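In: I'll drop the sequence and a predicted model, then ask my questions.
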Amino acid sequence: MKGALRGLIFLLELALLSAAGLWGFTLDAGWPVRLLAGLGAPVALAVAWGAFCSPRAAVALPAPAKLGVQAACFLAGGVLLTLAGHPLLGAALVVTWTADKALLLHSGDPA
């Protein structure tokens with residue numbers, strides 16, 4: 001069960017990066033701004049995730065702080081999907097991550 005939950009978390013992380021890119025590329029702006037936002041937003045999220053949330057994070061955070069950063073990233077992804085015109089997908093991303101994370105924590109897995 002833990003393997004399936006971890007696999008889902010990985011897929012949700014990819015969806016988070018895709019949501020940030022979708023938001024950037026759908027902005028009502030010129031193509032240079034859309035290109036910068038569409039590539040920059042996922043890179044910014046990936047850098048934050050790698051620095052604070054990955055198993056090999058550069059900054060070791062206490063578990064509650066790490067969970068807070070993860071939650072902030074997924075909430076940002078939900079907001080970005082909503083801003084891109086997909087509020088139900090945004091809500092689904094946040095709710096699915098929350099449920100999966102709760103199940104993982106309940107099973108004793110800190111991932």
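Out: Here it is on my side, so go on.
In: What ranges in this structure fall below the confidence cut-off?
Out: The model of the chain has pLDDT under 70 over residues 111.
In: Can you list the buried residues in the longest helix along it?
Out: As assigned by DSSP state H, the longest helix anywhere in the chain is helix 2-25. With burial defined by 16 or more other CB atoms under 10 Å, the residues of helix 2-25 counted as buried are 5, 8-9, 12-13, 15-17, 19-24. For the C-beta atoms, the positions are set from N, CA and C on the backbone; glycine is no exception.
In: Mind giving me the packing neighbours of that helix?
Out: Packed against helix 2-25 by the contact rule (3 or more CB pairs under 8 Å, 6 or more residues apart in numbering; DSSP states H and E) you find helix 31-52, helix 63-83, helix 87-106.
In: Pull the CA coordinates from the shortest one and hand them back as CSV.
Out: By that I understand helix 87-106. Extracted in CSV, the C-alpha atoms of helix 87-106 (Å, rounded to 0.1, in the frame of the first residue of the first chain):
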residue,chain,number,x,y,z
PRO,A,87,-10.9,25.3,-10.6
LEU,A,88,-12.1,21.7,-10.3
LEU,A,89,-8.7,20.4,-11.3
GLY,A,90,-7.1,22.8,-8.8
ALA,A,91,-9.3,21.5,-6.0
ALA,A,92,-8.8,17.9,-7.1
LEU,A,93,-5.0,18.4,-7.0
VAL,A,94,-5.1,19.8,-3.4
VAL,A,95,-7.7,17.3,-2.1
THR,A,96,-5.9,14.3,-3.6
TRP,A,97,-2.5,15.3,-2.2
THR,A,98,-4.1,15.9,1.2
ALA,A,99,-5.7,12.5,1.3
ASP,A,100,-2.6,10.7,0.0
LYS,A,101,-0.4,12.5,2.5
ALA,A,102,-2.7,11.8,5.4
LEU,A,103,-2.8,8.1,4.4
LEU,A,104,1.0,8.0,4.2
LEU,A,105,1.5,9.7,7.5
HIS,A,106,-1.1,7.4,9.1
